[in-house]
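*Asks:* Just to be clear, the model below is a prediction. Sequence and coordinates:
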Amino acid sequence: MNNLSEINNSASTEYKLLIFDGRFPESNFRGFRAIEFESYLNKVENSYIVNIPSGLKDDDYHIGRDSITYIQNTSKYILSHPQYANKFIEFDSKNSQKADLAYILFLNETFTILDYLETHNISFVFCLYPGGGFFVDKTRSDEKLKRIFLSPLFKQVIVTQQYTKDYILRKQLCDESKITLKYGGFSQFEKKDILARKYYPQDKNTFDICFVAFRYVEFGLNKGYDLFIDTAKILSEKISNIRFHIVGNWDKNEIDISTLGNKIIFYGAQNSNFFPEFFSNMDIFLTPNRPLQFGSQFDGFPLGADAGYCGVPIFTSDELNMNKDYLFGKEIVKIPLDALQISNIIIEYYNDPKKLIELSIFGQKRIQELFDTFNQIEVRVNTFEAAINSTFEPKKLTQSDKYFLVKFKSKRKIVFIKRKIYKKFKLVRLSVLARKG
């Protein structure tokens, strides 16, 4: 596939399910989208993926990607997955890809594609994963959600956390009947990807603790990176053969780690191929994250779903009580947001390797149950079928709803005008500077 014309562009075809996404397939990264989307392509007859192009823009975020990147990534993906070669459709803003249903991930992408869906009368279901523009108690995020939920084409929202469902209901954004809760999500791995674990001390001489996350806030305070480093400093003084492993966009200059010497290793950001072997050597996945304390976003548990899926014991904070599906102390370990207390808990397991191995086994079994692809897909496909076959009337708008929609439309118009003026001013300023130069 060398150009756009080679991607299926049968705009007049009636499709059953169109999956709109601005990232899949990703370059050199398989990710959870691959597991989820491929499952739909296999399970739902006449289902296809439509790229969200970079030309479409959210009011606040740049969504989608340019055609060249899309073609390059898709071509590379198809070489290794030829069975999906005809499952990609070029986005056409003028012509409707007529479909029974559309499916989108995350708030920002759903909001970005909403005008297109309404223009072409395509009903939709979306998954409100944590992140992706979903903020807690932020006016703009709530407005986007309300605008989506008021669409006459909105059929159902899938949420993966009880906390998300409770939030939607507390804010009175959507009727409970239109919310499908399925805890968990998709690991980017399958059981065949998992390598045999190496346990301390029977298989190796070092006790290895990892921190895997991406930094969006200074010092990674929301992820608890500072707590991880403080914990590492305490443990390194008490355990000579301990090692700490950091994956993500972190480096030795983020926080002072001089006392840790060669006991800490930075790997940078890694693709999915890196992790099976990496996780097979880890004794603990430590995630002392602080949801909502340094921003209004929260992470879905576990941040280490992939780690737990591969058998690494999860030691996690749980400030929002989102881990009710696990037995603490048997399947995962709940930690406080205090470095000394975290250190004492880890030392307890370091001194009792059998207890840690049991935690690994039971935790892995539970996470593989909760993140089982078949069970996750079954709930979603049933939701799709119900949405396609439903004949209910759209919500009757109240005066308050009508007022909101008018006000929302006006606010968006003002935002776009301001942005246009700013861009023009920026171009003029650059032109002046160029002449002066």
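*Replies:* Structure received.
*Asks:* residue ranges of the helices in the stretch 1-150 of the chain, please?
*Replies:* Here the stretch 1-150 of the chain has its helices, by DSSP state H, counting those that start in this stretch, at 31-43, 67-80, 107-119, 139-149.
*Asks:* Let's test this: mean pLDDT of the first one, rounded?
*Replies:* This points to helix 31-43. Averaged across helix 31-43, the pLDDT comes to 94.
*Asks:* what's the answer for the second one, then?
*Replies:* Confidence for helix 67-80, expressed as mean pLDDT, is 91.
*Asks:* do stretch 236-245 as well
*Replies:* Mean pLDDT, computed over stretch 236-245, is 97.
*Asks:* In PDB, please show the C-alpha coordinates belonging to stretch 237-245.
*Replies:* Output in PDB follows, covering the C-alpha atoms of stretch 237-245 (Å, rounded to 0.1, in the frame of the first residue of the first chain):
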ATOM      1  CA  GLU A 237      20.400   1.500  52.700                       C
ATOM      2  CA  LYS A 238      18.800  -1.600  54.100                       C
ATOM      3  CA  ILE A 239      19.000  -4.100  51.200                       C
ATOM      4  CA  SER A 240      22.400  -4.400  49.500                       C
ATOM      5  CA  ASN A 241      21.200  -6.500  46.500                       C
ATOM      6  CA  ILE A 242      18.200  -4.400  45.600                       C
ATOM      7  CA  ARG A 243      17.800  -2.700  42.200                       C
ATOM      8  CA  PHE A 244      15.400  -0.100  40.800                       C
ATOM      9  CA  HIS A 245      14.200   0.000  37.200                       C
END
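*Asks:* Relative to the whole chain's centre, how far out is it?
*Replies:* On the basis of CA atoms, centre = their mean, to the nearest Å, stretch 237-245 sits 31 Å off its chain's mean C-alpha point.
*Asks:* What are the buried residues along it?
*Replies:* 239, 242, 243, 244, 245 (16 or more other CB atoms under 10 Å). For glycine as for every other residue, the C-beta is placed from the backbone atoms N, C-alpha and C.
*Asks:* Could you do stretch 339-356 as well?
*Replies:* 339, 342, 343, 345, 346, 349, 350, 356.
*Asks:* so what's the first one scoring on pLDDT?
*Replies:* We have a pLDDT of 98 for residue 339.
*Asks:* So it versus residue 317, what's the distance?
*Replies:* 12 Å (CB to CB, to the nearest Å).
*Asks:* Need the overlap of contacts for those two.
*Replies:* Common neighbours of residue 339 and residue 317, using CB atoms under 8 Å, 6 or more residues apart in numbering, do not exist here.
*Asks:* Can you give the domain ranges for the protein?
*Replies:* 4-186+376-396, 191-370 (automatic domain parsing).
*Asks:* Kindly reformat the buried residues of stretch 237-245 as JSON lines containing distance to residue 48.
*Replies:* Shown next, in JSON lines, are the buried residues of stretch 237-245 (distance: CB to CB, whole Å):
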{"residue": "239", "distance to residue 48": "53"}
{"residue": "242", "distance to residue 48": "50"}
{"residue": "243", "distance to residue 48": "46"}
{"residue": "244", "distance to residue 48": "45"}
{"residue": "245", "distance to residue 48": "40"}
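*Asks:* Between those, which sits nearest residue 114?
*Replies:* residue 245 (41.4 Å; CB to CB).
*Asks:* Surely the closest one touches residue 268?
*Replies:* No. Contact between residue 245 and residue 268 fails when scored by CB atoms under 8 Å: they sit 11.6 Å apart.
*Asks:* Figure out which of the helices of the stretch 1-150 of the chain is closest to residue 228.
*Replies:* The stretch from the helices of the stretch 1-150 of the chain with the least distance to residue 228 (CB to CB) is helix 31-43; that distance is 23.6 Å.
*Asks:* Identify the residues contacting stretch 359-367?
*Replies:* With CB under 8 Å, 6+ apart, stretch 359-367 has contacts from 187, 197, 199, 302, 305, 308-314, 325-327, 330-333, 349.
*Asks:* same question, stretch 340-357
*Replies:* Applying CB under 8 Å, 6+ apart, the contact partners of stretch 340-357 are 199-202, 207, 209, 227, 231, 234-235, 238-239, 242, 283-284, 286, 288, 313, 315, 333, 335-336, 359.
*Asks:* Go again with 6 Å.
*Replies:* With CB atoms under 6 Å, 6 or more residues apart in numbering as the test, stretch 340-357 has contacts from 199, 207, 231, 234, 235, 335.
*Asks:* among those residues, which are in helices?
*Replies:* Within the contacts of stretch 340-357, residues falling in helices by DSSP state H are 231, 234, 235.
*Asks:* closest to residue 100 among the residues you listed?
*Replies:* Distance to residue 100 across the ones in helices among the contacts of stretch 340-357 (CB to CB) is lowest for residue 231, with 51.2 Å.
*Asks:* All set now, cheers.
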